[in-house]
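S.K.: Here you go, sequence then predicted model.
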Amino acid sequence: MDATAAAAEVAAAHRREWAYVLAATVRVTRDLDLAEECVQDAYAQALTTWAERGVPAKPGAWLTTVARRRALDLLRRDATLRRALPLLVEDEEGTAPDPGGAFPDDRLRLVFTCCHPALAVEAQVALTLRLLCGLSTAEVARAFLVSEPTMAARITRAKKKIATARIPYRVPAPGELPARVQAVLAVVHLLFTTGHTAPEGSDLVRRDLVERALDLALMLRGLLPADPDVAAVLALILLTDARRETRVGPQGRLLLLAEQDRSRWDRAEIAEGLALVREAVRSRPPGRYGLQAAIAAVHAEAPSWDDTDWAQVVELYDLLTAVWPSPVVALNRGIAVGFARGPAAGLAELDALGGEPQLAAYGYLPAARAAFLAELGRVTEARTAYEEAILLTGNAVERDFLAGRLAELDRGTPAAGAHGAERSG
Amino acid sequence: MAQYVVLIYEDEKSWSEGNPAEIEAGMKAHGDFAQAVGDKLTGGKALQPTTTATTIRKDGAGGFTVTDGPFVESKEALGGFYLIEAADLDEAMELAKQVPAPFGGVELRPVMVFD
């Protein structure tokens, strides 16, 4: 195998196996930094060895063996390493490598350690990208638009807290599990939403973040196959991501759900998402993610914008408001009411949210108001609302879209229905 | 096993000016906590209110500035602490959640170990 082909295989294994290899290696080192170093060494060795001898039958097991051997060597050679750092706390299970060459799947331990509620959410997200997805510190920094030293400090601080405060490397007890799974899903969902509509910058979508979120959701689905919330988050990501090719038009213009070419939606992703939604809402009263996924499913199943079952969307938002009372949910519900019962009804819902402090700097509220006002022929008020929305929007693609709508108003072109209110979806 | 300190931050006025039944319930809750936790609890003290505190800082010129009052003025002040033993942060958090702090909350800190 030539070096280029081997490099491609190693890159693929990096993406696919990183978390598995690292999680198994941490069992030997009981130190995250040392484990990362050994896993990086293993991937470096794979570049040469795989080029010479071909890709092993089980790349993950091969990499794990190399990384763990490297860790044992380092620990033997330098006994002070063992003493220098507080070691991760584990449960009693033995840490000796399995003589049969198979390694227990320790990824769940790593997941719960990265997403421990005693860590700040931004630290949880950074650790997840770094330790579970194998991103470099520079890549994590770029993903969140902070400088590399800032991100390095954030990751170092989080790792130090894990070791010093003894955040355990362990799957939580069954009693704690539901709450802890929620914390993990919150991280995956945050990654996805950040990628789906980047809050800042020139691109609407951060494809890298969306793909990482999808990878993580698929991983969790494999590790916790019976959890309905895990199924729901995966469904939500699949159903939303299925529209990726249709969200941006020529010249990078934002296309609304109403304008998107539904024949170009990813039908395979939609089918997979719909099956998961059914599973997520079947087992019990659905939670926050199950309801969000169900709303996405209504859109995915509607043959066209005009055929969307808005009454059902409103009903689902009513249920969602009950389990997750957030002003942003109330805003989306108000928009759906506008489509189900007309712009005046929608506007009344949105105006009731005007005093919400959490929405004061949220550009979607004035954008949605503007669209309903325009549809009602209240042009002056609509103009003011669009101007406000433009000021509050950090994403360049979204800002251009709003400026376009404002220009249409000024030209006296009839607004394209209230659809301007709908989030890009 | 590791040691953690549970720092109890509460609104002092609730203790000093609260109604007697509330205070009594609060005192009893601390007694119950000590009973429930058993030998995981290795120490602890309640502190006199911050009106009795004296703060001493270096003045940067070789001397000291002494002021009446706590180091940081805030509505919720450090009012006492427990020293507990736990295997890991999850266990320590479980214990800390049982610490009665009806007028505030607690901060959990691992104890530094010097080799």
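M.R.: Thanks, I have the structure now. These figures come from a predicted structure and were not determined experimentally. Numbers count the residues shown, from 1 in each chain, chains lettered A, B, ... in the order given.
S.K.: A:F112 reaches A:I167, doesn't it?
M.R.: No. Using Cβ atoms under 8 Å, A:F112 is not in contact with A:I167, being 9.1 Å away. In this view, the C-beta of every residue, glycine as well, is placed from N, C-alpha and C.
S.K.: SS state for B:V66?
M.R.: Under DSSP: H, G, I helix; E, B strand; the rest coil, B:V66 falls in the strand class.
S.K.: How far off centre is the helix ranked longest in chain B?
M.R.: Ranked by residue count under DSSP state H, the longest helix found in chain B is helix B:20-37. Averaging C-alpha positions (Cα atoms, centre = their mean, to the nearest Å) puts helix B:20-37 15 Å from its chain's average.
S.K.: Ok, stretch B:54-63 next?
M.R.: 25 Å.
S.K.: Stretch A:319-330 too?
M.R.: Centre to centre, stretch against its chain (Cα atoms, centre = their mean), the figure for stretch A:319-330 is 20 Å.
S.K.: quick one: terminal-to-terminal distance for it?
M.R.: 11 Å (Cα to Cα, to the nearest Å).
S.K.: So for it, what gets flagged as buried?
M.R.: Burial within stretch A:319-330, assessed by neighbour count using 16 or more other Cβ atoms under 10 Å in any protein chain shown, is assigned to A:319-320, A:327-330.
S.K.: if I look at the closest residue to chain B within the stretch 251-400 of chain A, how far off is A:A389?
M.R.: Closest residue of the stretch 251-400 of chain A to chain B, Cβ to the nearest Cβ: A:P357 (21.0 Å). Per Cβ to Cβ, to the nearest Å, A:P357 is found 18 Å from A:A389.
S.K.: So for those two, which sits in the more crowded spot?
M.R.: Shown here are A:P357 and A:A389; by other Cβ atoms under 10 Å in any protein chain shown, A:A389 has more neighbours (26 against 7).
S.K.: separation between that one and B:Y9?
M.R.: A:A389 is 41 Å from B:Y9, by Cβ to Cβ.
S.K.: residues near A:D410, how many?
M.R.: A:D410: 10 surrounding residues under other Cβ under 10 Å.
S.K.: My error: substitute B:V5 in the last question.
M.R.: Neighbours around B:V5, by other Cβ under 10 Å: 18.
S.K.: Shouldn't it be within a strand?
M.R.: Yes. Under three-state DSSP, B:V5 falls within a strand.
S.K.: Dig out what it forms beta bridges with.
M.R.: Counting by DSSP bridges, B:V5 is bridged to B:L83, B:R109.
S.K.: in which helix or strand would I find A:L119?
M.R.: Per DSSP states H and E: A:L119 is located in neither a helix nor a strand.
S.K.: Next up, the contacts around B:L41.
M.R.: Taking Cβ atoms under 8 Å, 6 or more residues apart in numbering or on different chains, we find B:L41 in contact with B:33-34, B:82-84.
S.K.: Of those, which pair is most distant in space?
M.R.: Maximum pairwise distance in the contacts of B:L41, criterion Cβ to Cβ, is 13.2 Å, between B:F33 and B:L83.
S.K.: Mind telling me which residue of chain B is nearest chain A?
M.R.: Counting by Cβ to the nearest Cβ, chain B gets nearest chain A through B:D88, at 4.1 Å.
S.K.: For the chain, give me the ranges with low pLDDT.
M.R.: By default, I'm working from chain A. Applying pLDDT under 70 to chain A flags residues A:80-85, A:92-102, A:200, A:413-425.
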